[in-house]
Structure formats: C-alpha cells, structure tokens
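Engineer: No sequence on hand, only this structure:
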C-alpha cells in the first residue's frame, strides 16, 4: 500500500488507465475478429467496412497512448494484406 498521498493518487490514476486500456484493447480485438469472420465467410463488402472500423480504432488507440504507433501500423498492414489477398483470390476465380 502507498505511504504518501501522491502515491495513493498515482495508484488510483494508474488503475483507471489500466481499466480504460483493457477495455479499449478488448474492443479492438473484437473488431479485428469480426473482420476476420467476414473475410473467412467471403463477405468482402462487410469485411472492408469492418477493416475501416478496426483501422480507425487502432489509430485512436495510438493517439490515446494505448498502442505504440509502429504496433498499430503493423497490425493495420497485416489486416490489409489479408484483405487484399482474399480480394485477389476472389477475382481470380
């Protein structure tokens, strides 16, 4: 337990931030899973909309300090690569 008032306040703040970050990360993961479900089902229009939602959330996470910008950029890049690969596969058939 903290011994100083400032340490108590820091503990309260860090707990609030931890919960906020956890909630936000969970939402991002859910949106990415939704995107992958659409992609696997072959619903490219819905997948593209979901991809934009996930991309937006990742960018917001960077601006809030929840994700490092490179991590978000790598995730977005991988999601777009999967989307483009699925799109190319569909156009080939």
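Structural biologist: Thanks, I have the structure now. Fair warning: this is a prediction, and the values are worked out from it, not measured in the lab.
Engineer: What's the separation between residue 8 and residue 42?
Structural biologist: 54 Å (CB to CB, to the nearest Å). Quick note: C-beta positions are derived from backbone N, CA and C, even for glycine.
Engineer: ditto for residue 18
Structural biologist: 39 Å.
Engineer: Am I right that residue 47 is in contact with residue 83?
Structural biologist: Yes. At 6.3 Å, residue 47 counts as touching residue 83 under the criterion of CB atoms under 8 Å.
Engineer: the more surrounded of these two?
Structural biologist: residue 47 (23 against 19; other CB atoms under 10 Å).
Engineer: SS state for that one?
Structural biologist: Classification of residue 47 using DSSP: H, G, I helix; E, B strand; the rest coil returns helix.
Engineer: which SS class is the closest residue to it other than its chain neighbours?
Structural biologist: Excluding the flanking residues, the one nearest residue 47 by CB to CB, 6 or more residues apart in numbering is residue 38, at 3.8 Å. Classification of residue 38 by three-state DSSP places it in helix.
Engineer: Could you report the distance from residue 38 to residue 18?
Structural biologist: 31 Å.
Engineer: Those two: which is more packed in?
Structural biologist: Remark: of residue 38 and residue 18, residue 38 carries more neighbours, 20 against 10, as counted by other CB under 10 Å.
Engineer: shouldn't the more buried one be in contact with residue 53?
Structural biologist: No. Under the criterion of CB under 8 Å, residue 38 makes no contact with residue 53, lying 11.0 Å away.
Engineer: Please tell me how far the residue nearest to the spatial centre of the chain sits from residue 78.
Structural biologist: Note on the chain: the residue nearest the mean C-alpha position is residue 28, at 3.3 Å, using CA atoms, centre = their mean. Taking CB to CB as the measure, residue 28 falls 13 Å from residue 78.
Engineer: Please identify the helix or strand for residue 56.
Structural biologist: Residue 56 belongs to helix 44-64 when assigned by DSSP states H and E.
Engineer: Now do that helix: which elements does it pack against?
Structural biologist: helix 5-41, helix 69-92 (3 or more CB pairs under 8 Å, 6 or more residues apart in numbering; DSSP states H and E).
Engineer: Please report phi then psi for residue 65.
Structural biologist: With angles defined as degrees, to the nearest 10, residue 65 sits at phi 80, psi 20.
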